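Peer 1: Pasting the sequence and the predicted coordinates here, then a few questions.
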Amino acid sequence: MDVSAADKLAAIQERIARAQQRFGPPPTAVTLVAVSKTFPAEAIEPFLEAGQRVFGENRVQEAKDKWPALRERYPDVKLHLIGPLQTNKAREAVALFDVIETLDRDRLAGVLAEEMTKAGRQLPCFVQVNIGLEPQKAGIAPDETVDFVARCRSPHGLNVVGLMCIPPDGVPPGPYFAQMMALARDAGVAELSMGMSGDFEIAIGMGASHVRLGSALFGGRPPAA
């Protein structure tokens, strides 16, 4: 039997609430970011109808193709960019997204600051941390994170509100999430975007304020074209 989008959302929200109760504060609130990358508008709309309003997309162009029409019907949607951002896409990203979760280098910080000033938008940003020091993943090294956050704030003037990570596959994520919580404290940021469909309850126990769930809501991703 197919489970409705509303039922899936309710089940996930119940698991989030149980994790918060089990582990206690922090965090006092957890934002569910529904990862809609690769899914078409017709797969997303049932979740919009069910009340979900925060979504994550990996690519600027994909989001640009499908979200403007959806936003005409659901104008209170908040879009998070959760994939790597090229500097030549910064202007479009600032126009389209509400939160940038993948700030990971000085050049990008400078370009984003310029584009936000031009657009008159000051988007909240998360610094992406390569918490496992994996060469195939983007992100700032853990031991450079505190200084990088400070540089993003001054001289660039960006509104850095938190840190984001994707821990290594195949190993327990708890120690990485714990390290992220310590880094956030040292960097003076209040929010942590960490935890996905397989480990979000552990992330909540380690202080996640945002969890990014795709397959738990949408199921398996469509095959690549």
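Peer 2: Nice, thanks for sending it over. Residues are numbered from 1 along each chain as shown.
Peer 1: by contact count, what packs against the helix or strand hosting V211?
Peer 2: Secondary structure from DSSP states H and E places V211 in strand 210-213. In terms of contacts (3 or more Cβ pairs under 8 Å, 6 or more residues apart in numbering; DSSP states H and E), strand 210-213 is packed against strand 31-35, strand 191-193, helix 200-205. The C-beta positions use only the backbone N, C-alpha and C, and glycine is treated the same way.
Peer 1: Now do the buried residues in that strand.
Peer 2: Judged by neighbour count using 16 or more other Cβ atoms under 10 Å, the buried positions of strand 210-213 are H210, V211, R212, L213.
Peer 1: Need the helices and strands packed on strand 210-213 in TSV (columns: distance to P68, mean neighbour count and mean pLDDT).
Peer 2: Below are these laid out as TSV (distance: least, Cβ to Cβ, whole Å; neighbours: other Cβ atoms under 10 Å; pLDDT from 0 to 100):
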stretch	distance to P68	mean neighbour count	mean pLDDT
strand 31-35	18	22	98
strand 191-193	24	25	97
helix 200-205	29	22	94
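Peer 1: show me where the chain has strands.
Peer 2: Listed in chain order, the strands of the chain (DSSP state E) span 31-35, 54-57, 78-81, 99-103, 124-129, 159-165, 191-193, 210-213.
Peer 1: Turn these into JSON lines, including distance to T117.
Peer 2: Shown next, in JSON lines, are the strands of the chain (distance: least, Cβ to Cβ, whole Å):
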{"stretch": "strand 31-35", "distance to T117": "26"}
{"stretch": "strand 54-57", "distance to T117": "24"}
{"stretch": "strand 78-81", "distance to T117": "18"}
{"stretch": "strand 99-103", "distance to T117": "15"}
{"stretch": "strand 124-129", "distance to T117": "14"}
{"stretch": "strand 159-165", "distance to T117": "12"}
{"stretch": "strand 191-193", "distance to T117": "23"}
{"stretch": "strand 210-213", "distance to T117": "26"}
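Peer 1: what's the closest of those to V111?
Peer 2: strand 99-103 (10.6 Å; Cβ to Cβ).
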